[in-house]
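**Student:** A structural model of the following input is requested.
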Amino acid sequence: MRKAVGVLLLVLSAVLSAQPVQVQVILRSPAPGALPVWASDPTIVQLILRNTSSTLYDGAVVSFAIRRLPAGTVVARSKDFHPLQPRVNIPPNGTLVLNGPQIIHESAVRIEEESLRQQAQATGQLPEGEYEFCVRVLDAQGREIGNTGAFCPRTVVMLPDPPMLIHPRQDSTLAAGTLPMFIWAPVTGSPVPVTYTLHVVPLFPGQALQDALDRNTPVLNVSGLQAPLYQYVPTDIPFAAFPQAVGFVWQVSALDANGRPAARNNGKSEIFRFRFAPALTGTGVPSDTTTKQPRDDSLTLSGGTQAIDTGSVVRRIELPGGFVLVVHGAISCTSSPCTISGGGSLWIPLLGDSVAVSFDGIVVSRPTAAGIARLVSGTILIPLSAVRQYGLLTLRLGQLSFSSTAALLDGAWIAQWSQWGWGCRTADSVAFRLPFAVTGIEQRLVPLSMPWRCDGSGLLIGPCVELQLDTLDVRIEVDTAQHPPRVTPYLFGVGEVTLPCLISGGAPLRAALRLRLSSGKADLIALLQARIRDASVLGMPMLRADADTLVLDLSDEVNPANVPPAGLCTNPAWHDARWRGVYVPNLRARLRVGDDSLAITTSALFDQGNGQKFRVSLASVLRSHDTLTVGGFAVRVDSVTVRLCQGTLQSISARGTVILPDAFRRPSSWTALDSIRVRLSGYDDGNRWQWNATLDLRGGLSLRFGSLAKLILRDGTIEILDPPQGGRRGYIEFSHLQLEAPADNPTGTADFYGLRIWNTGQIELESAEGWLDISRWARLSVANLTIQ
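**Tutor:** Have a look, this model is predicted:
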């Protein structure tokens, strides 16, 4: 091909087992253990169905099986064609994207393994472990039309840890008459909303903790708690109602909205025991002779005779965001509220460390018996000088400030473009002030005062890609139930991508972009939803295309799935993880060849070209029912093969049947002329793509004159006039004609020059005097034989 064109690679993904529907499954990992969540959460399972046939599959179902690895035992499967199982309609020559609620119904799932069925019925959960999700697509009659093949996607079921009890501590002793506050660490990482049930029961002499929970009348049984704490109130059953108790035990259960356990250990925490100190008389000795038990730190005796007022010493200060400041020493507070100054330490789970804190003139509430006060007014400022790297962004922590109502974190996000391998014209630091908590930073959109503008400098696609990120979508989760706390960042750049080398609607293609930045360069693969219609690739006017989805690969560490598609010409760059470009999983292309367009549906790659161009590579083999016009003749196409390699046309070929014009007159017995097969091959003449057409006669086309003779036509082609001569655009020419007589067991033959059938229906016979128009002759006699 004389003109260099940019980079576009189109390939047709192989159909598994020659089935008409290709199946691709995207499975989230880790996944929740509760199968009803799979049926309600659209982010767990996503299914891409690509119908390569012209058949509409109406009322199809997605049959699936979940196998536990490594044994491969089927633990759950769909109840195929159950009345509640969702039905789908798969369009012909199209792509359908489905998610969990569109393919799974809770009532249409069967737990196969008996032991797991009992566990699932009891807990609502599959056990933790590795699973694979295998899919078959069945038409309305139950015939398989697609499957995931031998390699099913895998996921890991991980259950969150149960609540962790915090206060009252194990074997602690509370002051007599205290109304305790029960506090526990919440369940984190659960895919469903969690509520808590608090159980408190008396413990009698000689009784085990679990036995007490199972048998004794509860002091407290509160369910539906959303916050991880409960303040015992005077209207609750008094602990003094159980004078024989030697203590009390408590446990918290985590449940989902349907009452199923939402964590490991059936959602149950460990069991803690606590007791109350005996009441003191005026002389400072217990009112009974019970042996003293280990005491909670919040209970302190002065001089061994008098009990200090445990509500007058500040040991901890509760701050917004769930933070607790541990005071150095004990600070007296006898008023309500009171003003205090001092120092302490603050545990910041995000850092996994404590920082020193000083405060001056803050106002706190009257402390509880445990010495816990609450910040009422004033500000605590804590300088931070920590740096954390999250993928492609660096978090620089500047200052943490507390008021009575909010915890605010001041810092900056730093982008090091040299690590990204891009050319960006922008500032590299974005300052922020965001609400902060022990559980991290809730999702916030951070506008960029100066948008990040990047182009393809340094990328393999050069000037054919431009990015503008104008917002950071920030969320950082801190799982305090883990030791050390587990930090999970979710950082996305939000903006727009422009592809100057792909023109749609007369302008460069633009699409919204959401790019994950928190997992390193391996995650720089973005799915673009873009309505592309009649788009052209610069430098290739003979190619037009439609698409709805693009995959933008900006990573030099990994390529998207299915890249490169099978069947392409050789290019080592496509097998290298450093390749970067645009992948179109379902591109509907129209190739202009001669006077007509050839429609194909395939996959495409856009990568590096020269200047403002894409080069094009294509390998597509498909069945078709299109009708092309070649030299003015209609050709009903059966199959098409298209191959472009890095901007050069390698081959375009098609096979089909020639439809002769209605104006062409011939004897009614010559039905062989109605099924002439033709092979089309394309070539590049330097300005456009053209067709060569050769008739596939397989030894010749035989036309009988009854039993007298037969005429054999050989070496047929379709010749195309360029430019056309009025209505005459081309003709079928047979360059070798042979007459045999008689028709059966001939004893004589005669050879003739060529015969032409024009697209207008005219017929010409080659003779020594040139081409004779015989279409207007009423009768044609050849060797004393007359054609009627």
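**Student:** Please work out how many residues are found near residue 88.
**Tutor:** Around residue 88 there are 17 other residues, counting by other CB atoms under 10 Å. Placement of C-beta: from N, CA and C, glycine included.
**Student:** wait, what's in contact with the closest residue in space to residue 380 that isn't next to it in sequence?
**Tutor:** Closest residue to residue 380 apart from its sequence neighbours, by CB to CB, 6 or more residues apart in numbering: residue 402 at 4.3 Å. Taking CB atoms under 8 Å, 6 or more residues apart in numbering as the contact definition, residue 402 lies against 319-321, 323, 375, 379-380, 382, 408.
**Student:** now swap in residue 344 and tell me
**Tutor:** Listed by CB under 8 Å, 6+ apart, the contact set of residue 344 reads 317, 325-328, 356-357, 359.
**Student:** Find the nearest non-adjacent residue to it, please.
**Tutor:** Nearest-residue entry for residue 344: residue 327, 4.4 Å, with adjacent residues in sequence omitted and distances by CB to CB, 6+ apart.
**Student:** That neighbour against residue 317, yeah?
**Tutor:** Yes - using CB atoms under 8 Å, residue 327 is in contact with residue 317, at 6.6 Å.
**Student:** between those two, who's got more neighbours?
**Tutor:** residue 317 (28 against 22).
**Student:** which residues does the more buried one bridge with?
**Tutor:** residue 325, residue 373 (DSSP bridges).
**Student:** and it, how far is that from residue 490?
**Tutor:** 31 Å (CB to CB, to the nearest Å).
**Student:** what do you get for residue 518?
**Tutor:** Between residue 518 and residue 490 the computed distance is 6 Å (CB to CB).
**Student:** Kindly report the same for residue 710.
**Tutor:** From residue 710 to residue 490 the distance is 79 Å (CB to CB).
**Student:** One more: residue 479?
**Tutor:** 13 Å.
**Student:** Who has more neighbours out of the two?
**Tutor:** Per other CB under 10 Å, whichever of residue 479 and residue 490 has more neighbours is residue 479, with 21 against 17.
**Student:** Now for the more buried one: which residues touch it?
**Tutor:** 188-189, 485-488.
**Student:** run the last query once more with 10 Å
**Tutor:** If you count contacts by CB atoms under 10 Å, 6 or more residues apart in numbering, residue 479 has them with 160-161, 185-189, 349, 439-440, 485-488.
**Student:** next one: residue 652
**Tutor:** Counting by CB under 10 Å, 6+ apart, residue 652 makes contact with 591, 593, 598, 600, 618, 620, 640-644, 680-684, 689-691.
**Student:** one more time with 8 Å
**Tutor:** 591, 593, 598, 640-643, 680-682, 689.
**Student:** Same check on residue 180?
**Tutor:** 167-168, 174, 232, 274.
**Student:** From those, list the buried ones, please.
**Tutor:** 167-168, 174, 232, 274 (16 or more other CB atoms under 10 Å).
**Student:** just these now: which is nearest residue 670?
**Tutor:** Looking at those and their distance to residue 670, the nearest is residue 167, at 99.7 Å (CB to CB).
**Student:** Name the nearest residue to that closest one, ignoring sequence neighbours.
**Tutor:** residue 183 (4.3 Å).
**Student:** For that neighbour, pull up the helix or strand it's in.
**Tutor:** strand 181-185 (DSSP states H and E).
**Student:** pLDDT below threshold where in the stretch 251-400 of the chain?
**Tutor:** Low-confidence segments of the stretch 251-400 of the chain, defined by pLDDT under 70: 279-311.
**Student:** Flag every buried residue along the helix or strand hosting residue 640.
**Tutor:** Element membership for residue 640, per DSSP H and E: strand 633-645. If you call a residue buried by 16+ other CB under 10 Å, then strand 633-645 has these buried ones: 633-635, 637, 640-645.
**Student:** what about residue 97, neighbour count?
**Tutor:** 15.
**Student:** Identify the bridge partners of it.
**Tutor:** Beta-bridge partners of residue 97, as defined by DSSP bridges: residue 48.
**Student:** Moving along the chain from whichever strand in the chain runs longest, name the first helix or strand you hit.
**Tutor:** In the chain, ranked by residue count with DSSP state E as the criterion, the top strand is strand 486-504. Downstream of strand 486-504, the first helix or strand assigned by DSSP H and E is strand 507-516.
**Student:** After that next one, which helix or strand is next?
**Tutor:** strand 525-537.
**Student:** got the CA coordinates for that following strand in PDB?
**Tutor:** The C-alpha trace of strand 525-537 is given here as PDB (Å, rounded to 0.1, in the frame of the first residue of the first chain):
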ATOM      1  CA  ILE A 525      -6.600   0.300  31.700                       C
ATOM      2  CA  ALA A 526      -9.800   2.300  31.300                       C
ATOM      3  CA  LEU A 527     -13.100   1.200  29.800                       C
ATOM      4  CA  LEU A 528     -14.600   4.100  27.700                       C
ATOM      5  CA  GLN A 529     -18.300   4.200  26.900                       C
ATOM      6  CA  ALA A 530     -18.400   6.200  23.700                       C
ATOM      7  CA  ARG A 531     -21.000   6.200  21.000                       C
ATOM      8  CA  ILE A 532     -18.900   6.000  17.800                       C
ATOM      9  CA  ARG A 533     -20.800   6.300  14.600                       C
ATOM     10  CA  ASP A 534     -19.400   6.500  11.100                       C
ATOM     11  CA  ALA A 535     -15.900   7.200  12.400                       C
ATOM     12  CA  SER A 536     -12.900   7.300  10.100                       C
ATOM     13  CA  VAL A 537      -9.300   6.600  10.800                       C
END
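**Student:** Alright, calling it a day.
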